[in-house]
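[1] quick one, fold the following:
(one chain, ligands or ions: 1)
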Amino acid sequence: MTQRLEQKDAFVQSCRAEIVEVRNCGDRWALVLNQSVFYPESGGQLGDRGTLRVHEAELEVVDTQIDDGRVLHLVKDCTGVGAGDVCEAVIDWGFRRDQMSQHTGQHMLSADVFSLFGAETVSARLGSTASTIDLDCEPLEPNALQDLQALVNEQVMNDKAVRAHYPDKAQLDQYGLRRSSKVDTNIRLIEIEGIDVTPCGGTHCAATGQVGPVMIIANQRYKGGSRITFLAGRRALDRYETRDSQIHAAADLFKCAPDELHEAILRQQAELRKVQERVGAYRAKLLDVEVAEELSRVQGTSHVLIRPEFEPEEARRFSRQLQEQSGASVLVAYGQDRFIADSASVDLARWLKQRGGMFGLRGGGRGSHVEGMISEPITPEWLKNLADALL
Ligand SMILES: [Zn+2]
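    Numbers count the residues shown, from 1 in each chain. Below is the predicted model:
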């Protein structure tokens, strides 16, 4: 057994310890100490990282796991180190402190989502960039999420104490637990004063104020229930700072103050709609002129042309008008790889089925009008052969 110092005090960052066992675990080595401040991965909280200082060497602990009460400090190399050596075990405090914020924030969110909406937490995971809570309910409405976030941040600002209790099984009833304990012995309860009491073996802040801001960043359907993704502490602050600078950059583009950004966007959208309407009207007039110009180039009973700049609706009107005014079968290749064709004399749907493949044309439509995609490169030869084939 390793004596778990982090269970009594999550703020102890280092300890002296004796190496009692060295195990080979494939490409890593596991060092077991008689006592440790390293938290081993469990209950959704990641295992600690840090260093073991032995003699003159500094071994980097890349992960911490647990095996039957023994805390395994995983290192990539431990040459010259063996059982009986004494070391200084030092955790990566930045990493752990961050996990403590996420973990305490998770307890508060789970308690609040239960008190506000009666939703139970099915599981929780504290990731290295974002953390998740899986609930037994439908995704929450946006205003419900806002209420939840507001409540948890209010509790952060109220700076309530977080304490661990070690009751025996008979004493459990008096605590009013949010969920029951999975173990019968060595029970450890985490109480967040006035907010929550739940069994947990993880590391937590000493008061809710240490959690820092809590930000819910996503809520979606997940495995028959829903999943909340959140950031706490430094992570949330970083996200707010990034958003703030993005809002300032956007406000600079709109030449307005950040607080006026919403109004400025609405104004510009309205202006854009007006411009689009005017451009549409001019475009329709211009299309009539272009059809008249193209009409002079139509020779014979079929006409194929390319207009990469056309939008679908323009191509449709152009093709139909040119067909009606010239009487010829018309095919317009437009955009990157699209076509539209109209004819009064050829059953284009049947023609496309029987001969379209020879020209890389795929699509469909009714008899006198078809649309689709072009998969062959458009060359002068392709245009000429296609016009001949449409006769
Ligand atoms: Zn916990």
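
[2] Cys87 should be in a helix, yeah?
    No: note on Cys87: no helix contains this position according to DSSP: H, G, I helix; E, B strand; the rest coil, which reports strand.

[3] report the contact partners of the residue nearest to Ala232 when sequence neighbours are not counted.
    In space, and not counting its chain neighbours, Ala232 is closest to Gly105: 3.4 Å by CB to CB, 6 or more residues apart in numbering. All C-beta atoms are positioned from the backbone trio N, CA, C, and that covers glycine. Neighbouring residues of Gly105 by CB atoms under 8 Å, 6 or more residues apart in numbering: Ser131, Val152, Val211, Val214, Phe230, Ala232, Gly233.

[4] which ones among those residues are found in strands?
    Mapping the contacts of Gly105 onto strands (DSSP state E) picks out Ser131, Val214, Phe230, Ala232.

[5] report the two of the residues you listed separated the most.
    Ser131 and Val214 (10.1 Å; CB to CB).

[6] any residues in contact with both of these two?
    With CB under 8 Å, 6+ apart as the test, Ser131 and Val214 both reach Gly105, Phe230, Leu231, Ala232.

[7] any idea how far the closest residue to the ion within the stretch 51-200 of the chain lies from Asp288?
    Taking CB to the ion, the ion has its nearest neighbour within the stretch 51-200 of the chain at Cys200, 3.1 Å off. Between Cys200 and Asp288 the distance is 75 Å, computed by CB to CB, to the nearest Å.

[8] surely Asp184 is within a strand?
    No: under three-state DSSP, Asp184 falls outside any strand and is assigned coil.

[9] contacts only, for the nearest residue to it once chain neighbours are set aside.
    When the adjacent residues along the chain are set aside, Asp184 lies closest to Lys169, with 5.5 Å between them (CB to CB, 6+ apart). In this structure, Lys169 makes contact with Ser181, Asp184, Thr185, Ile187, judged by CB under 8 Å, 6+ apart.

[10] what about the third one, neighbour count?
    The one in question is Thr185. Burial of Thr185, expressed as a neighbour count using other CB atoms under 10 Å, amounts to 7.

[11] need phi/psi at it.
    Here the main-chain torsion angles of Thr185 (degrees, to the nearest 10) amount to phi -120, psi 160.

[12] Arg178 now?
    Dihedral angles of Arg178 (phi, psi; degrees, to the nearest 10) stand at phi -70, psi -40.

[13] distance-wise, check it relative to Ile195.
    The span separating Arg178 from Ile195 equals 10 Å under the rule CB to CB.

[14] and for these two, which residues touch both?
    In contact with both Arg178 and Ile195: Ala111, using CB under 8 Å, 6+ apart.

[15] give me the element Ile228 is part of.
    Here Ile228 is covered by strand 225-232, with elements defined by DSSP states H and E.

[16] quick one: that strand near the ion?
    No: where contact is defined by CB under 5 Å from the ion, no part of strand 225-232 touches the ion; the two come within 12.7 Å at best.

[17] mind listing what the spatially most central residue of the chain touches?
    Centrality entry for the chain: nearest residue to the mean C-alpha point is Ala218, 7.7 Å, by CA atoms, centre = their mean. Taking CB under 8 Å, 6+ apart as the definition of contact, the neighbours of Ala218 are Arg227, Ile228, Thr229.

[18] give the PyMOL command for selecting the buried subset of the ones in strands among the contacts of Gly105.
    Typed into PyMOL, the line below selects the buried ones among these, using 16 or more other CB atoms under 10 Å:
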select buried, resi 131+214+230+232
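
[19] adding pLDDT and distance to Gln35, write the ones in strands among the contacts of Gly105 out as a markdown table.
    As requested, these are arranged in a markdown table below (pLDDT from 0 to 100; distance: CB to CB, whole Å):
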| residue | pLDDT | distance to Gln35 |
| --- | --- | --- |
| Ser131 | 97 | 29 |
| Val214 | 98 | 33 |
| Phe230 | 98 | 33 |
| Ala232 | 98 | 29 |
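
[20] wait, which of the ones in strands among the contacts of Gly105 is closest to the ion?
    Ser131 (11.7 Å).

[21] beta-bridge partners for that closest one, please?
    Leu126, Phe230 (DSSP bridges).

[22] so which residues on the stretch 1-150 of the chain come close to the ion?
    His103.

[23] at 8 Å what do you get?
    Proximity of the stretch 1-150 of the chain to the ion (CB under 8 Å from the ion) is limited to residues Gly43, Gln45, His103, Thr104, Gln106, His107.

[24] so what's the second one bridging to?
    Beta-bridge pairing for Gln45 (DSSP bridges): Ser42.

[25] what of Ala333?
    With beta bridges defined as DSSP bridges, Ala333 has these partners: Ile306, Phe339.
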